[in-house]
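[1] Sharing a model that was predicted from the sequence below.
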Amino acid sequence: MKTSILIWAAFAGLTVIGTVGAAEKQKKADITGFPFWKSEKQPHAPPFVPGLNAALELTDAQREQIAAAQNDFNNDEAVKASRGLRKDDPSVTAEQRDKARVAMEAATTRLHEKVNGILTPEQRALVEKINAARVAAVEEVGIVYKDKFSIKGDEAARRRVMEEKNQDLAEGFLGKLDALLSTSQKEAMARAAAEEEQRMKTAVNKKPQKQ
């Protein structure tokens, strides 16, 4: 789900133009997509909207520690072995897949226990509050759209409804964040979202043009 930084800025009452360049000059450990969050389908979910991780206002030391923990996870031999198993490989037995799944779950648990120990009690409490706000937003939007997916035989119409639902969910969630976060947290999130959007544009522009 892509949420425009302009939507967030409108909710937060912020001006983000001109903040990206200065922020990018300060190179910090990148944990933009770290899954601090919990969704209805994922116990460790990536940010629900752009810039969300910045709302935690992590210190540089915390960023470095979390990045190091994530690097240790990625270099864990059991994790690499598990990721190396192809789903379509008939030579891999069910026992091997179960063993790999258990190893991955154990490594994931260790990672998040380590990260929770790096966060302050206030930051952990904020994670819980934001997760609760997300649940509330999902429930509210679900009620509104409950009868709108009864469309049969019109896939294009279903996609349009899904896009509208996702947009309403993003706006509803941002509205709850606006009431939940402090001014400094909203400013940090808006800056981070602007940086993410700029990086995406830069990446798109760098892609070689098809002849």
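    It's in.
[2] In three-state terms, label the most centrally placed residue in the chain for me.
    The centroid of the chain falls nearest to Pro47 when counting by CA atoms, centre = their mean (1.7 Å). Assigned by DSSP: H, G, I helix; E, B strand; the rest coil, the conformation of Pro47 is coil.
[3] Look up phi and psi at it.
    Per-residue torsions, Pro47: phi -50, psi 140 (degrees, to the nearest 10).
[4] Pretty sure it sits against Gly33.
    Yes. Pro47 is within contact range of Gly33, at 6.7 Å (criterion: CB atoms under 8 Å). All C-beta spots, glycine's among them, are computed from the backbone N, C-alpha and C.
[5] so what's in contact with the two at the same time?
    Residues touching both Pro47 and Gly33 (CB atoms under 8 Å, 6 or more residues apart in numbering): Asn53.
[6] residues contacting the residue nearest to Arg110 when sequence neighbours are not counted?
    Leaving out its chain neighbours, the residue that sits closest to Arg110 by CB to CB, 6 or more residues apart in numbering is Phe73, at 7.7 Å. The contact partners of Phe73, taken as CB under 8 Å, 6+ apart, are 79, 107-108, 110-111.
[7] 7 Å instead, please
    79, 107, 111 (CB atoms under 7 Å, 6 or more residues apart in numbering).
[8] same deal with Lys129?
    Leu180.
[9] where's it relative to Gln185, distance?
    For Lys129, the distance to Gln185 equals 11 Å [CB to CB, to the nearest Å].
[10] same thing with Gly117?
    Gly117 is 22 Å from Gln185, by CB to CB.
[11] Can you pick out the residue with more neighbours from these two?
    Gln185 (17 against 10; other CB atoms under 10 Å).
[12] one step back: please tell me how far the residue nearest to Arg110 sits from Leu181.
    Taking CB to CB, one finds Phe73 at 28 Å from Leu181.
[13] do Ser91 as well
    Ser91 is 50 Å from Leu181, by CB to CB.
[14] Have a look at those two and say which one is more surrounded.
    Leu181 (20 against 6).
[15] so what's the more buried one up against?
    Ala55.
[16] pLDDT score assigned to it?
    Looking at Leu181, its pLDDT stands at 95.
[17] And it, how far from Gln123?
    Shown here: Leu181 relative to Gln123, a distance of 13 Å by CB to CB.
[18] Cool, thanks, talk later.
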